[in-house]
Structures are given as structure tokens and as C-alpha cells.
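1. The sequence isn't on hand, but the structure is:
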Ligand code: 13P
């Protein structure tokens, strides 16, 4: 395996204070669940999640947002969308604005997911614009970054991640960053059953925190929630979430089954 020399020559900080950060477990349902199926899943999840010691979010398809907001009202489960456009309104057929999400009662929005980057032409520039629009509307963006398999095998994971963080958050203030979550999702681990090891997840999440420290200072970097995502499941969540810089999870497949998602929530609560 070839290994390019690292370009990140700054001195690394060991961030040790995990307990000052909010643990957030978010389910990304992707393009799954009809309305009746969503009702069943949320109804099953509510009692299982009610004693969660972490923030619980479900990021559902647009067609399920109203259902999710209605069914989770008065509970500890927050609702997120899976994308938003950067314009306030206009001729953008098929798109949804951040204001539209806010009006429905949505709190979070996933942005820059690798599936958006891979299949829908999303770039760091558009992720940056969408992040700014989401913040302006009062939403909390969950911004996804992650390397492809060949990038990892070429030894450029840190370059890729550092570039994504710098571009996706360009022009975003420290105060605004405090309303964002970063999800580290190695693309090779998404939906493949091939989870990053807990050490690999920790290594990159700690690196992300170091990049943030360079951009925003140590105090800010220390407070940002960084999630891991990619084949996290009921069996491996506890180990991943026990790592110092892994503050939560962005979960695809395992968030579609209430008992599995609840196990992950409990792992974060205990982690
Ligand atoms: P899986 O948990 O299905 O691998 O998906 C991860 C993901 O992409 C969450 O956004």
C-alpha cells in the first residue's frame, strides 16, 4: 500500500474531555419507509428512547417530516431532514428550502452526505452554501465528511478530510459552528457492513477536532460534537462510542429497526 507523505505538519492536540460534549445519536432513514411504516417505527421507538441520556434525532424522508414532527411532539426525539437547498425560494424544481423545513418543525438537517456527493453532484461548494442557508434558517446542520476507499489506500485520508472541513465550513463563524454537528462517514464503510475499527474512527474524529482547532481555536474545537457513521449497529456501537473523540453516531440501516436503534442510543447513554 503506497503512503503519501502527510501535508498536515501541525502539532497534534490530544483532546481528552469527552464529557463536555453533547452525545447525539441520529438515524438517517435515507429513502426508506412509507408513511404508515414511519408511524409504526416512531411509535415503537418512543418508549425505547424516552430515558435516553443522549440527544436522539431521526432524519426522515421529506414525505415523512410532518408525520415525524407530529408523532414526536412532546418527546425527546428530534426530527431532521436529509438535505436542503441553499436558495430561499425560486425555480429549483424538486428542491426544498431550509425555511420550508423550519416551518414544518424540523430541527436538524443532514448535509453533504456521501450519497448526495456521489449520485447528485454535491460538491464542497454546494455543501458550504447549504450549510449557511440551514444555519440562517435556524436549523442545525449535520455535515458529513469522509474519504473514499482509494483515498484511504493512497494515504490521503487526512488531506481529504481537512479539505472538506475547510471548504464546507468556509465563512462560517465559531458561533455558527457551535450549532453544527460533524459526521465522519468513511465512504467505504457506508452500507457495506464494513465498519471502521473503533481506533480508525477515533483517529479521524480526533484529526477533525485538530483541524477545527486550527480554524477556530481549541476551546471551540473541544465543544463540537463529532459523530461516526458507517455500518454502526447494535453490536459494534458501544466500542465505537466509547472512544474519546467519537461523540455519537449517524446510523443508516440499523436506525430502521427500533430495538437496534434503541441499543445504540443506550450505548451512547452509557458510553
Ligand atoms: P449505514 O449505517 O447503513 O452504513 O449508513 C451510514 C450512513 O450513511 C448514515 O448517514
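-> Thanks, I have it. All values reported here derive from a predicted model rather than from experimental measurement.
2. What does the pLDDT read for residue 1?
-> According to the prediction, residue 1 has pLDDT 40.
3. swap that for residue 167, please
-> As predicted, residue 167 sits at a pLDDT of 98.
4. same deal with residue 195?
-> The per-residue pLDDT of residue 195 was computed as 85.
5. can you check residue 16 too?
-> 84.
6. now do the one 5 residues further on
-> According to the prediction, residue 21 has pLDDT 94.
7. Equivalent analysis for the one 4 residues further on, please.
-> Predicted confidence (pLDDT) at residue 25: the value is 98.
8. quick one, what contacts it?
-> By C-beta atoms under 8 Å, 6 or more residues apart in numbering, residue 25 lies in contact with 52, 54, 55, 56, 57, 248, 249, 251, 261, 264, 265, 268. Where you see a C-beta, it was placed from the backbone N, CA and C, and this is true even at glycine.
9. And it, which helix or strand is it part of?
-> Using DSSP states H and E, residue 25 sits in strand 24-28.
10. any idea which element residue 265 lies in?
-> Applying DSSP H and E as the criterion places residue 265 in helix 258-270.
11. packing partners for that helix?
-> With contacts taken as 3 or more C-beta pairs under 8 Å, 6 or more residues apart in numbering; DSSP states H and E, helix 258-270 sits against strand 24-28, helix 35-49, helix 237-241, strand 248-251.
12. Now distance to residue 93 too, for the ones you listed, in CSV please.
-> Output for the helices and strands packed on helix 258-270, formatted as CSV (distance: least, C-beta to C-beta, whole Å):
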stretch, distance to residue 93
strand 24-28, 24
helix 35-49, 23
helix 237-241, 39
strand 248-251, 28
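13. quick one, the helix or strand where residue 78 lies and helix 35-49 angle?
-> Element membership for residue 78, per DSSP H and E: strand 77-81. Counting by axes from the mean of the first three to the mean of the last three C-alpha atoms, to 10 degrees, strand 77-81 lies at 140 degrees to helix 35-49.
14. Okay, now the sheet partners of strand 77-81, with direction.
-> strand 55-59 (parallel), strand 108-111 (parallel) (DSSP bridges).
15. And the contacts of the first one?
-> Meaning strand 55-59. Against strand 55-59 from outside (C-beta under 8 Å, 6+ apart): 22-29, 42, 45, 49, 68, 72, 76-82, 107-110, 142, 248, 255, 265.
16. The strands paired with strand 77-81: which one's closest to the ligand?
-> Closest approach to the ligand among the strands paired with strand 77-81 is made by strand 108-111 (6.7 Å; C-beta to the nearest ligand atom).
17. how far does the closest one sit from the chain's center?
-> The chain centroid and the centroid of strand 108-111 are separated by 7 Å under C-alpha atoms, centre = their mean, to the nearest Å.
18. if you look at the helix or strand that that strand is followed by, does any of it touch the ligand?
-> Using DSSP H and E, the helix or strand that follows strand 108-111 in sequence is helix 114-119. No - applying C-beta under 6 Å from any ligand atom, one finds helix 114-119 separated from the ligand by no less than 6.9 Å.
19. Show me what counts as buried in stretch 251-264.
-> Buried residues in stretch 251-264, counted by 16 or more other C-beta atoms under 10 Å: 251-258, 260-264.
20. Ends of it, what's the gap?
-> End-to-end distance of stretch 251-264: 9 Å, with C-alpha to C-alpha, to the nearest Å as the criterion.
21. List the buried residues of the strand holding residue 25.
-> Buried residues in strand 24-28, counted by 16+ other C-beta under 10 Å: 24, 25, 26, 27, 28.
22. returning to what we had before: so is the helix holding residue 265 next to the ligand?
-> No - Helix 258-270 lies apart from the ligand when judged by C-beta under 6 Å from any ligand atom; the minimum separation is 9.9 Å.
23. The strand holding residue 25 - which strands sit beside it in the sheet, and in what orientation?
-> Strand pairing for strand 24-28, determined by DSSP bridges: strand 55-59 (parallel), strand 248-251 (parallel).
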